[in-house]
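Peer 1: No sequence on hand, only this structure:
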């Protein structure tokens, strides 16, 4: 029996923010963070869904000031570590310092899977402040295991305490997860973590594959709350890991109660797999493409699913939303030729 300590990172108050349109109130944050802190969760992440200072027109405005939410969480987190997510270019080192002043003690610096170098200064700044720092590689289906190891080593050399691989589109299959996690676990001197999305209904299976391949940090959320079809459902994974004999330190009943009694009443809708997130997972593209894709499909008389598949084939990434119209135009021309 494998009795490794598996660290749960609960990101209900960060990735889950997407699913409630970034509307968590200080009172809700206090209730959720306080409840989570009594369950044995190791790290509790609280921030805008797109990281600190993500409250913008492009990413969606937060209903309440983000630093007030971080501060509210810090007042009730006594056992776990409190984390934030920072995406360079959205959040700055000055924002990181403000988050630290409001109680954050862990920062997860998130970059595209081939751009770890843009996060070096943020990792180094966090370590100077005495924070735990994680190098968070997004959209990892877009890079080979070898490339991911190369990028992870950039974070490791900058001082990161662990590396997190994020299946941001929910595209990976369990074997894909195994290949990537095994490569990093064997090639790094620091731990590896994994962040799943449930767009293909594989979040739990992929999280299991990650742990079986050497990961010791796993992201999850209450009721699976998160972007797209959501994240790994923490109360489910805690039960599965208990069955498998892993040491999580989690109170299985307590995390079920937090999910059912505190988080579920706040949810805007059940976290289910609808056509849009399903196609995001199938095509391997960012959720930010959806609205632009639907507009282009209407303009050119196309099926939006065909556009998403083509965007995936062209390996489009966040920030290239302007290319969606070009792709739609090309598809429409090809359609009219037939």
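Peer 2: Thanks, I have the structure now. Computed from a predicted structure; not experimentally measured. Numbering: from 1, shown residues only.
Peer 1: residue contacts, the closest residue to residue 22 other than its chain neighbours?
Peer 2: The shortest distance from residue 22 to any residue that is not its chain neighbour, by Cβ to Cβ, 6 or more residues apart in numbering, is 4.4 Å, and that residue is residue 62. Every residue, glycine included, has its C-beta placed from N, CA and C. The contact partners of residue 62, by Cβ atoms under 8 Å, 6 or more residues apart in numbering, come to 17, 22, 23, 48, 54, 55, 69.
Peer 1: count of neighbours near the fifth one?
Peer 2: Pointing back at residue 54 there. 23 (other Cβ atoms under 10 Å).
Peer 1: What of the last one?
Peer 2: Counted with other Cβ under 10 Å, the neighbours of residue 69 add up to 26.
Peer 1: before we move on, what SS does it have?
Peer 2: The three-state label given to residue 69 by DSSP: H, G, I helix; E, B strand; the rest coil is helix.
Peer 1: Which residue, other than its chain neighbours, is closest to it?
Peer 2: Closest residue to residue 69 apart from its sequence neighbours, by Cβ to Cβ, 6+ apart: residue 29 at 4.9 Å.
Peer 1: for the fifth one, same thing?
Peer 2: When the adjacent residues along the chain are set aside, residue 54 lies closest to residue 48, with 3.6 Å between them (Cβ to Cβ, 6+ apart).
Peer 1: Output the lowest mean pLDDT helix or strand found in this structure.
Peer 2: Within the chain, judged by mean pLDDT, DSSP states H and E, the helix or strand with the poorest mean is helix 289-300; its value is a mean of 86.
Peer 1: following that helix, which helix or strand comes up?
Peer 2: Toward the C-terminus, helix 289-300 is succeeded by helix 304-313 as the next helix or strand (DSSP states H and E).
Peer 1: Report the separation between the two terminal residues of stretch 209-216.
Peer 2: One end of stretch 209-216 sits 11 Å from the other (Cα to Cα, to the nearest Å).
Peer 1: who touches it?
Peer 2: Outside stretch 209-216, the residues within contact range by Cβ under 8 Å, 6+ apart are 4-7, 162, 165, 174-175, 177-178, 181-182, 184-186, 191-194, 196, 218, 241, 246.
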